[in-house]
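> Got a predicted structure here, sequence first:
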Amino acid sequence: MTSTALGTDLAFEVRGLRKSYGGTPVLDGVDLAVERGTVLALLGPNGAGKTTAVQILSTLIPADSGSALVGGHSVAEQPGRVRATIGVTGQFSAVDELLSGAENLRLMARLRHVARREAEGLVSGLLRRFDLVEVAQRPASTYSGGMRRRLDLAMTLVGDPQIIFLDEPTTGLDPRSRNAMWQVVRELVATGVTVLLTTQYLEEADQLADRIAVLDGGRIVAEGTPAELKAMVGEEQLRLRFQTGQDASAAHRILAGRPGADLSLPDAGHELRVPLTAGPGEIRDVLNLLATVGLEPAEVGTASPDLDDVFLALTGSSASSASSTQESS
């Protein structure tokens, strides 16, 4: 695949991508096509291959087979051109903690071959953009997690990349810092930048992504807008929260025996989700059935499916359990 094969409306295109380690397939024929100026969120359980896909597309490791074009350039045949087009922020910060924020940015400018007469203006602009002016001369080792992540993303933007890979960029951040990063991503996309985002936070994908691809077992098992994926799961759900996990498990056993039932297992908060498919009297019938065996939920509510329901339906595990440890592949 050469640099002329990519449609002008696509930022990158992947066909039949495969990668194995020790005979175990991590990516098993992945196809993706992402339009310019959009956000694609790549979701999947730990070990599903999300990070491996990012590493291949950013030329860090080779694929075993398949093809990929990034910014119109072949990852396998034109890695230098690909690297000149992209920016990458990984799970772990690339910031040199012995240097100040400004020094980190100047170093990245030299590595990106930014002309010296332009570098200082670029560094100053990025420090302002990411609210790092007041700490610009301090060693990065003194930065908070949110500051370090902002600096990491600022370094990614040196060289004005039009395609950015964000591999779990907000892992470990507090909600305020995460929201600040979300705003930066929105501003980048508004200028025409394309973002491939891997994340363990489904709310993050829901907030930012134009499209979502779910990777499981090395394959894309579903792809669409957040609304389209939620519609795959069904309509309204009854959500029952119990005081103990024992009560929640007992309710699951009872309700799983109902005709047509398709229940999720109780989550860590002892919540059970029951699809509502039989009409307005179904909630009363479910509560009456539980009452016959002495089970009474502590909280009862209804809600539309969210991305956690999608994740559970497609991968067989909840997002909270899948994200309890960091992905290693």
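On my side now, so go ahead. Residues are numbered from 1 along each chain as shown.

> what about Gly16, how many neighbours?
Residues lying near Gly16 (other C-beta atoms under 10 Å) number 14. All C-beta spots, glycine's among them, are computed from the backbone N, C-alpha and C.

> Looks to me like it is in a helix.
No - counting by DSSP: H, G, I helix; E, B strand; the rest coil, Gly16 falls outside a helix, being strand.

> For it, give me its contacts.
Contacts for Gly16 (C-beta atoms under 8 Å, 6 or more residues apart in numbering) come out as 29-31, 65-67.

> Buried only: go through those for me.
With burial judged by 16 or more other C-beta atoms under 10 Å, the buried subset of the contacts of Gly16 is 30, 66-67.

> re earlier: of all the contacts of Gly16, which two lie farthest apart?
Asp31 and Ser65 (12.9 Å; C-beta to C-beta).

> before we move on, the earlier item: how about a markdown table for the buried ones among the contacts of Gly16, with distance to Leu312 and secondary structure added?
Shown next, in a markdown table, are these (distance: C-beta to C-beta, whole Å; DSSP: H, G, I helix; E, B strand; the rest coil):
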| residue | distance to Leu312 | secondary structure |
| --- | --- | --- |
| Val30 | 22 | strand |
| Gly66 | 29 | strand |
| Ser67 | 33 | strand |
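
> Can you redo those residues as CSV, where the extra columns are distance to Gly44 and pLDDT?
Shown next, in CSV, are those (distance: C-beta to C-beta, whole Å; pLDDT from 0 to 100):
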residue, distance to Gly44, pLDDT
Val30, 11, 96
Gly66, 18, 96
Ser67, 21, 95
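
> tell me which of these is nearest to Arg128?
Nearest to Arg128 among those, counting by C-beta to C-beta, is Val30 at 38.7 Å.

> gap between the residue nearest to the closest one when sequence neighbours are not counted and Val195?
Taking C-beta to C-beta, 6 or more residues apart in numbering as the measure, Val30 lies nearest to Leu17, with 4.3 Å between them; neighbours along the chain are not counted. Distance of Leu17 to Val195, computed by C-beta to C-beta, to the nearest Å: 19 Å.

> before we move on, what about Ala248?
Taking C-beta to C-beta, one finds Ala248 at 38 Å from Val195.

> One more: Ala48?
As for Ala48, its distance to Val195 is 19 Å (criterion: C-beta to C-beta).

> same deal with Leu276?
Per C-beta to C-beta, Leu276 is found 36 Å from Val195.

> Among these two, which residue is more densely surrounded?
Counted by other C-beta under 10 Å, Leu276 and Val195 do not tie: Val195 has more neighbours, with 24 against 15.

> Return the residues in contact with Leu157.
Contacts for Leu157 (C-beta under 8 Å, 6+ apart) come out as 87, 126, 164, 188.

> if we go to 10 Å?
Neighbouring residues of Leu157 by C-beta atoms under 10 Å, 6 or more residues apart in numbering: 87, 89, 105, 108, 122, 125-126, 129-130, 164, 184, 188, 193.

> Now the buried members of these.
Buried members of these, scored by 16+ other C-beta under 10 Å, are 87, 89, 105, 108, 122, 126, 130, 164, 184, 188, 193.

> Serialize these to JSON lines and add fields for pLDDT and secondary structure.
Below are the buried ones among the contacts of Leu157 laid out as JSON lines (pLDDT from 0 to 100; DSSP: H, G, I helix; E, B strand; the rest coil):
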{"residue": "Gly87", "pLDDT": "91", "secondary structure": "strand"}
{"residue": "Thr89", "pLDDT": "87", "secondary structure": "strand"}
{"residue": "Leu105", "pLDDT": "96", "secondary structure": "helix"}
{"residue": "Met108", "pLDDT": "92", "secondary structure": "helix"}
{"residue": "Leu122", "pLDDT": "94", "secondary structure": "helix"}
{"residue": "Leu126", "pLDDT": "93", "secondary structure": "helix"}
{"residue": "Phe130", "pLDDT": "89", "secondary structure": "coil"}
{"residue": "Ile164", "pLDDT": "95", "secondary structure": "strand"}
{"residue": "Val184", "pLDDT": "87", "secondary structure": "helix"}
{"residue": "Leu188", "pLDDT": "90", "secondary structure": "helix"}
{"residue": "Val193", "pLDDT": "94", "secondary structure": "coil"}
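
> and of these, the nearest to Thr315?
When these are ranked by distance to Thr315 (C-beta to C-beta), Thr89 comes first, at 24.9 Å.

> how much space is there between the residue nearest to Gln207 when sequence neighbours are not counted and Thr171?
Closest residue in space to Gln207, ignoring its immediate chain neighbours: Trp182 at 5.8 Å, by C-beta to C-beta, 6+ apart. Counting by C-beta to C-beta, the gap from Trp182 to Thr171 is 14 Å.

> Spell out which residues are contacts of both of the two.
Joint contacts of Trp182 and Thr171 (C-beta under 10 Å, 6+ apart) are Tyr201.

> In a helix, Arg186, correct?
Yes - assessed with three-state DSSP, Arg186 lies in a helix.

> so what's the closest residue in space to it that isn't next to it in sequence up against?
With sequence-adjacent residues excluded and distances taken as C-beta to C-beta, 6+ apart, Arg186 is closest to Leu208, at 7.1 Å. Contact analysis of Leu208 by C-beta under 10 Å, 6+ apart lists 39-41, 166, 181-182, 185-186, 189, 195, 197, 199, 201, 226.
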